[in-house]
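Asks: Give me coordinates for this.
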Amino acid sequence: MLETLTVASSALVAYSYLGYPALIWVASRTSVPAVAPPPMPDSALPRLTILIAAHDEEAVIGDRIRDALAGDYPPDLLDVVVASDGSTDATAEVVRNLAGPRVSLLEFRKRRGKAAVLDDAIPLAAGEVVLLSDANTRLDPEAARRLGRCFADPSVGVACGQLILTDPATGRNADGLYWKYENFLRRAEARLDALLGANGAIYAIRRACFVPVPAGTIVDDLVLPMLARLESGCSIVHDPGALAFEETAADLPGEFRRRSRIGAGGFQSLRLLGPLLDPRRGWVALAFFSHKVLRWLGPFFLAGALFGASALAISGRPGYRAFAIAQVAFYALASATALAPPRVRIPMLMRVPALFAGMNLALLAGFFRWASGGATGTWDPTPRAPGGVTR
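Replies: You can find the predicted model right below:
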């Protein structure tokens, strides 16, 4: 039993992080590549509403609205709606001062979380297409147009853009190895029409395909697009040229809390998205199982591999002794890297263990947060780093 536990746990981790990416890459290379929608005249673009759900974002919401209005989208076809989720600062007042024919405020006095706000706000949008974004996100001027033209295909229900992470101190691209890895998977899955959800910073949904999500939903950017697909059969497409920019968390605790919350939301979503595991859904089922479910369960597989190998090593199995020592060394390196002073420059490859271990530790924390009932749909904005660059 210990040997089965060790081998199976190790194999599932290896498949999730290495085997599945190789499989999806090969399959995507043999598929017909997606063709980006061609440029189209203004008159062919859909009416579009940019919807920003915000809680206590007075420091950035004004710039965010001006940024949205300055994009390359026909002014007569675009409006901006800010849905204030129980803000206690001047967020609503800032929006009122900017209100006009193209800017409006939906003010919800009681804080309920982003999912509840989207449920109420999306059906009220004037646009045929609703582009969802965050208060701390800057859209590239062409992003709205690129996403809007995806809906020329009537089968498309959701269109996702590409989020670029920037360093809060310098404004430079801070995409790490893990983020590049995730974007690689997203591009491959998109070519197989198996894209899983979106990034909450930049995605658009056809209002007719919208399905309300349960109040308290944490990862609305996964649940909302996938429910739309389950209910309507619509396609989810990806345009990597539709760019958004967002600062990374200013510190490691902030990033850990974010990942932990995402982990809790993943476990929470299984009740709603379980039908995606039906093998008849083809690549979507495989992608959801391999990229999401196995990833969320990864901390338990890692614990099983370490426990099993350690127990077998104690019983005198030399091969497993080496495997147990290798795992302990890996986690020791991860700990040393994570605890190193910020001024110490650590090579990228040496940061991988800390990234991998930290991500799985956050997922484990997310599981216990979900299991204990402590996971909610509300979320405090990530503190902006002092002196952060305004883009």
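
Asks: hang on, isn't Leu273 packed against Ala285?
Replies: No - Leu273 is beyond contact range of Ala285, at 10.9 Å (criterion: CB atoms under 8 Å). Heads up, the C-betas are built off the backbone N, CA and C, glycines and all.

Asks: ranges for the helices of the stretch 251-391 of the chain?
Replies: Using DSSP state H, counting those that start in this stretch, the helices of the stretch 251-391 of the chain run over residues 252-273, 283-287, 294-296, 298-314, 318-339, 348-371.

Asks: would you turn those into TSV with distance to Arg102, mean pLDDT and mean neighbour count?
Replies: Putting the helices of the stretch 251-391 of the chain into TSV (distance: least, CB to CB, whole Å; pLDDT from 0 to 100; neighbours: other CB atoms under 10 Å) gives the following:
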stretch	distance to Arg102	mean pLDDT	mean neighbour count
helix 252-273	32	88	18
helix 283-287	37	96	19
helix 294-296	40	96	20
helix 298-314	45	95	19
helix 318-339	46	91	15
helix 348-371	39	89	18
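
Asks: In TSV, list the ones you listed along with distance to Ala116.
Replies: Listed next are the helices of the stretch 251-391 of the chain as TSV, based on distance: least, CB to CB, whole Å:
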stretch	distance to Ala116
helix 252-273	15
helix 283-287	27
helix 294-296	24
helix 298-314	30
helix 318-339	36
helix 348-371	18
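
Asks: Figure out the length between the terminal residues of stretch 332-345.
Replies: Using CA to CA, to the nearest Å, one end of stretch 332-345 lies 18 Å from the other.

Asks: An error on my part: the question was meant for stretch 125-140.
Replies: End-to-end distance of stretch 125-140: 22 Å, with CA to CA as the criterion.

Asks: List the buried residues of it.
Replies: Buried residues in stretch 125-140, counted by 16 or more other CB atoms under 10 Å: 125, 127-140.

Asks: try stretch 16-27
Replies: Of the residues in stretch 16-27, those buried (16+ other CB under 10 Å) are 16, 20-21, 24, 27.

Asks: Centre of the chain to the helix or strand hosting Ala115, how far?
Replies: Assigned by DSSP states H and E, Ala115 belongs to helix 114-121. Relative to the centre of its chain, helix 114-121 is centred 18 Å away, using CA atoms, centre = their mean, to the nearest Å.

Asks: pLDDT on it, on average?
Replies: On average, the pLDDT along helix 114-121 is 94.

Asks: Can you list the residue ranges for strands in the stretch 51-200 of the chain?
Replies: Applying DSSP state E, counting those that start in this stretch to the stretch 51-200 of the chain gives strands spanning 78-85, 103-108, 129-134, 137-139, 156-166.

Asks: Please work out which residues outside the first one touch it.
Replies: To tie it back to what came earlier, the one meant is strand 78-85. With contact meaning CB atoms under 8 Å, 6 or more residues apart in numbering, strand 78-85 is reached by 47-55, 61, 65, 68-69, 71, 91-92, 95, 101-108, 111-114, 116-118, 120-121, 124-127, 144, 378.

Asks: partners of that strand, with directions?
Replies: Strand pairing for strand 78-85, determined by DSSP bridges: strand 48-54 (parallel), strand 103-108 (parallel).

Asks: ok now that strand, how far from the chain's centre?
Replies: Centre-to-centre, strand 78-85 and its host chain are 21 Å apart (CA atoms, centre = their mean).

Asks: go on, the third one?
Replies: Shown here is strand 129-134, whose average C-alpha point lies 14 Å from the average C-alpha point of the whole chain (CA atoms, centre = their mean).

Asks: Go ahead and produce PDB holding the CA coordinates of it.
Replies: What follows is strand 129-134, C-alpha atoms only, in PDB (Å, rounded to 0.1, in the frame of the first residue of the first chain):
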ATOM      1  CA  VAL A 129     -21.200  42.400 -24.800                       C
ATOM      2  CA  VAL A 130     -19.900  43.100 -21.200                       C
ATOM      3  CA  LEU A 131     -16.200  43.400 -20.700                       C
ATOM      4  CA  LEU A 132     -15.300  42.600 -17.100                       C
ATOM      5  CA  SER A 133     -12.200  44.100 -15.500                       C
ATOM      6  CA  ASP A 134     -10.800  45.200 -12.200                       C
END
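
Asks: now that strand against helix 114-121, angle please.
Replies: Here the directions of strand 129-134 and helix 114-121 differ by 150 degrees (axes from the mean of the first three to the mean of the last three CA atoms, to 10 degrees).

Asks: can you list the residues that contact strand 129-134?
Replies: The set of residues external to strand 129-134 that reach it, using CB under 8 Å, 6+ apart, is 46-53, 68, 118, 122, 139, 144, 147-148, 151, 200-207, 210, 221, 244, 246.

Asks: of the residues you listed, buried ones?
Replies: Buried subset of the contacts of strand 129-134 (neighbour count, 16+ other CB under 10 Å): 46-53, 68, 118, 122, 139, 144, 147-148, 151, 200-207, 210, 221, 244, 246.

Asks: burial of the closest residue to Asp193 other than its chain neighbours, as a residue count?
Replies: Of all residues not flanking Asp193 in the chain, Ser235 sits nearest, at 6.0 Å (CB to CB, 6 or more residues apart in numbering). Using other CB atoms under 10 Å, Ser235 has 18 neighbouring residues.

Asks: Distance-wise, check Ser235 relative to Thr248.
Replies: 31 Å (CB to CB, to the nearest Å).

Asks: sorry, back to before: mind putting the strands of the stretch 51-200 of the chain into TSV with distance to Ala371?
Replies: Formatted as TSV, the strands of the stretch 51-200 of the chain follow (distance: least, CB to CB, whole Å):
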stretch	distance to Ala371
strand 78-85	26
strand 103-108	29
strand 129-134	28
strand 137-139	31
strand 156-166	29
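
Asks: Turn those into JSON lines, columns for distance to Leu364 and mean pLDDT.
Replies: Below are the strands of the stretch 51-200 of the chain laid out as JSON lines (distance: least, CB to CB, whole Å; pLDDT from 0 to 100):
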{"stretch": "strand 78-85", "distance to Leu364": "29", "mean pLDDT": "96"}
{"stretch": "strand 103-108", "distance to Leu364": "33", "mean pLDDT": "96"}
{"stretch": "strand 129-134", "distance to Leu364": "26", "mean pLDDT": "96"}
{"stretch": "strand 137-139", "distance to Leu364": "28", "mean pLDDT": "92"}
{"stretch": "strand 156-166", "distance to Leu364": "24", "mean pLDDT": "91"}
